[in-house]
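1. please find the sequence and the predicted model below.
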Amino acid sequence: MKMFFRATILITAILLLPFIRHGNACFGMDQESITKLGQEVLQVEDLWKTGNTREYYSKAKKIARDIKVNASKSDIDKIAAKLFGNLLSKEVKVVEAEIDDLSAMNNLASYLISYADATSEDRRVNVRLLCKYLGKIRKEIVPNYKPKLVVANVPPPPGVPGMAGMSPEAIKDPVARAKYEAAIRENQENNLMNSRQVELNNIDNEMSKPIMAYIIETFHAGDISSNFFTECINDAGFSAEEKGEIKKGIE
């Protein structure tokens, strides 16, 4: 009986293996679900147009996660590229995006790099997007960034009775209350900025090499011309050392 159960478990594991990608169980999507996902990518832009930017980034993060989880479906690579391009085109405000945009773009970049069945045209699009992505990340990184001061509970302004973390509504003086609210916002923004700089550096360290490898692989496949290659390299903001490594890889 024990051998029977072991055999059953082993067979089940073998059958499930093709559906496991990126650490997620992935059983693919039917055409209706794919169509719905594509519609969500189009619809989420309406949130941006109407000024619901916080909701936009939150929704975009969820869609990007859904795309990565369903990475076995070839039909969603163009959907991923569309959302990726939309995110790259946005001028980011940290208080609106927090790090949701970074999470979304990282999932999309990972998906496009790992997608093996892209056409030549798709690969050209992907290279361009990935290079713009890395360049955008690197431009936002603050060199030698020193974390801003963040406190667990913001104290009220000097001379105002009360304890740190108290509700602004407890302060009767409107001027003092406004100062306290401003201090709370500043503390929150400092925390977001600190978190974002950490994430930006993590992404740079994690994604630089895979993007370089994807560029080299795409060039060897004959999917990009020399001029296009040069433009992408410049978009990515590669260092002289990295450029040398890439050029060595394509020789």
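-> Arrived safely, thanks for sending. Residues are numbered from 1 along each chain as shown.
2. what is the neighbour count of the residue lying closest to residue 75 once chain neighbours are set aside?
-> Spatial nearest neighbour of residue 75, excluding adjacent residues (CB to CB, 6 or more residues apart in numbering): residue 34 at 5.0 Å. C-beta coordinates here come from the backbone N, C-alpha and C atoms, glycine included. When neighbours are defined as other CB atoms under 10 Å, residue 34 has 17 of them.
3. how near is residue 218 to residue 129?
-> Separation of residue 218 from residue 129 (CB to CB, to the nearest Å): 12 Å.
4. circling back: name the element the residue nearest to residue 75 belongs to?
-> Counting by DSSP states H and E, the element that carries residue 34 is helix 31-49.
5. that helix - what's its average pLDDT?
-> In this model, helix 31-49 has a mean pLDDT of 94.
6. and residue 227, what element?
-> Applying DSSP H and E, one finds residue 227 within helix 226-236.
7. just the CA trace of that helix, in CSV.
-> In CSV, the C-alpha atoms belonging to helix 226-236 read as follows (Å, rounded to 0.1, in the frame of the first residue of the first chain):
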residue,chain,number,x,y,z
SER,A,226,23.7,47.1,-35.3
ASN,A,227,22.1,50.5,-35.2
PHE,A,228,19.1,49.3,-33.1
PHE,A,229,21.6,47.5,-30.8
THR,A,230,23.5,50.7,-30.2
GLU,A,231,20.3,52.7,-29.5
CYS,A,232,19.2,50.1,-26.9
ILE,A,233,22.6,50.0,-25.2
ASN,A,234,22.4,53.7,-24.8
ASP,A,235,18.8,53.6,-23.4
ALA,A,236,19.9,51.1,-20.7
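8. what separates it from the chain centre, distance-wise?
-> Put simply, helix 226-236 sits 22 Å off its chain's centre (CA atoms, centre = their mean, to the nearest Å).
9. what residues does that helix touch?
-> Helix 226-236 is contacted from outside by 124, 127-128, 130-132, 134-135, 138, 211, 215, 219, 224, 243, 246, 250, using CB atoms under 8 Å, 6 or more residues apart in numbering.
10. how about 6 Å then?
-> For helix 226-236, the surrounding residues in contact (CB atoms under 6 Å, 6 or more residues apart in numbering) are 127-128, 131-132, 134-135, 219.
11. give the buried residues for the very next helix or strand once past that helix.
-> Next helix or strand after helix 226-236 toward the C-terminus (DSSP H and E): helix 240-250. For helix 240-250, the neighbour count (16 or more other CB atoms under 10 Å) marks 242, 246 as buried.
12. and helix 240-250, how far out from the chain's middle?
-> Averaged over its C-alpha atoms, helix 240-250 has a centre that lies 25 Å from its chain's centre (CA atoms, centre = their mean).
13. then it to CSV, C-alphas only?
-> Extracted in CSV, the C-alpha atoms of helix 240-250 (Å, rounded to 0.1, in the frame of the first residue of the first chain):
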residue,chain,number,x,y,z
ALA,A,240,31.7,51.4,-20.1
GLU,A,241,32.6,48.1,-18.5
GLU,A,242,29.1,46.6,-19.2
LYS,A,243,29.2,47.8,-22.8
GLY,A,244,32.6,46.1,-23.2
GLU,A,245,31.1,42.9,-21.7
ILE,A,246,28.2,43.0,-24.1
LYS,A,247,30.3,43.7,-27.2
LYS,A,248,32.6,40.9,-26.2
GLY,A,249,29.6,38.6,-25.9
ILE,A,250,28.4,39.4,-29.5
